[in-house]
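*Asks:* just coords:
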């Protein structure tokens, strides 16, 4: 069978862009069975499968026992998950901001933490409608339009604590380059107060959010068809050097970036938008 690796990326409708960072559709078929690493992300992850469910072999939380999902939502974690596949995957991945968790799910990001839950637990009947309507569509633009419709219907305006919003923007929007002490000074809080409030809302510490943001930036570059040297990527993403990036990758992805690049057969670049065109910064 011929290998198929296709997909599409789209920004949501303008009203949703403070809540949803992007829609990424994927269809992969005809590959050898194997494992795929679900990487840490500075945003919440939503998966809507089309066809077969997603099989999670190792979750980010060891106590998580459920292994297959038609839809799922998860918070932010510095731990990767492992997805077992039979050579085929088809679905949509959605990246939500913490403000989107409040506006669309009605809960803080910390309520999910590193756990995966069925999307129905946070969207109710809208989750079933979402999957059913997506499955009926024949192309990515109309599938993404379904997401726009359901999310727009649910989205309520939510005003986050300005200090938390500022801290998140500096740490994640800044690509993980800001020092936690400097961020605390900027928002006028003690470091302890920042850490406590930040973790209570986002489910991760300020330090981990910065690490994940740096890692995610390097991961996006490594997904490209052609990449700079690892040393250049390390500098561009705010690491001290290539060795520092490799250490962080081993902790956050379970392997060095060069190993991931060689092993990951599902690391494809979307035809509709390159990673450098995407704004994942806020």
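*Replies:* Yep, that arrived. These numbers were taken from a predicted model, which means no experiment stands behind them.

*Asks:* Just give me the neighbour total for the closest residue to residue 140 other than its chain neighbours.
*Replies:* Among residues not flanking residue 140 along the chain, residue 8 sits closest, at 3.8 Å (C-beta to C-beta, 6 or more residues apart in numbering). C-beta: built from backbone N, CA, C; applies to glycine. Using other C-beta atoms under 10 Å, residue 8 is surrounded by 19 other residues.

*Asks:* Likewise for the one 5 residues further on?
*Replies:* Using other C-beta under 10 Å, the number of residues around residue 13 comes to 15.

*Asks:* residues touching it, list them.
*Replies:* The contact partners of residue 13, taken as C-beta atoms under 8 Å, 6 or more residues apart in numbering, are 148, 152.

*Asks:* which intervals of this structure have sub-threshold pLDDT?
*Replies:* The model of the chain has pLDDT under 70 over residues 1, 265-282.

*Asks:* Tell me where it has helices.
*Replies:* Under the criterion DSSP state H, helices of the chain are mapped to 98-100, 120-123, 125-136, 140-154, 162-168, 180-187, 191-202, 206-222, 230-236, 242-252, 257-263.

*Asks:* So which bits of the longest one are buried?
*Replies:* In other words, helix 206-222. Of all the residues in helix 206-222, those buried under the rule 16 or more other C-beta atoms under 10 Å are 206, 208-222.

*Asks:* Could you pull up the residues touching the residue lying closest to residue 164 once chain neighbours are set aside?
*Replies:* Distances taken as C-beta to C-beta, 6+ apart put residue 201 closest to residue 164, at 5.5 Å, once the chain neighbours are dropped. Neighbouring residues of residue 201 by C-beta under 8 Å, 6+ apart: 98, 108-110, 160-161, 164.

*Asks:* Grab the most central residue of this structure for me.
*Replies:* Centroid check for the chain by C-alpha atoms, centre = their mean gives residue 41 as the closest residue, at 4.1 Å.

*Asks:* okay but that one is in contact with residue 95, surely?
*Replies:* Yes - between residue 41 and residue 95 there is a contact under C-beta atoms under 8 Å: 6.6 Å.

*Asks:* Bridging across strands, which residues link to residue 69?
*Replies:* Taking DSSP bridges as the rule, residue 69 bridges to residue 54.

*Asks:* Let me see the contact set for it.
*Replies:* Taking C-beta under 8 Å, 6+ apart, we find residue 69 in contact with 47, 49, 53-54, 56, 116, 118.

*Asks:* for the contacts of residue 201, which one is nearest residue 141?
*Replies:* Distance to residue 141 across the contacts of residue 201 (C-beta to C-beta) is lowest for residue 98, with 27.3 Å.

*Asks:* Quick check: the closest one touching residue 202?
*Replies:* Yes - applying C-beta under 8 Å as the test, residue 98 and residue 202 come out as touching, 5.6 Å apart.

*Asks:* quick one: common contacting residues for the two?
*Replies:* Common neighbours of residue 98 and residue 202, using C-beta under 8 Å, 6+ apart, are 76, 108-109, 168.

*Asks:* so how far is residue 223 from residue 31?
*Replies:* As judged by C-beta to C-beta, to the nearest Å, residue 31 and residue 223 stand 17 Å apart.

*Asks:* ok so, going back, residue 82: which of the helices of the chain is closest?
*Replies:* Taking C-beta to C-beta, helix 257-263 is the member of the helices of the chain nearest to residue 82, at 12.2 Å.

*Asks:* Touching that closest one from outside, list them.
*Replies:* Helix 257-263 is contacted from outside by 37, 218, 222, 227, 230, 233, 245-246, 249, 253, 255, 267, using C-beta under 8 Å, 6+ apart.

*Asks:* Tell me who's in contact with the residue nearest to the centre of the chain.
*Replies:* Going by C-beta under 8 Å, 6+ apart, the list of residues near residue 41 reads 76, 95, 212, 216.

*Asks:* switch to 6 Å and redo it
*Replies:* By C-beta atoms under 6 Å, 6 or more residues apart in numbering, residue 41 lies in contact with residue 216.
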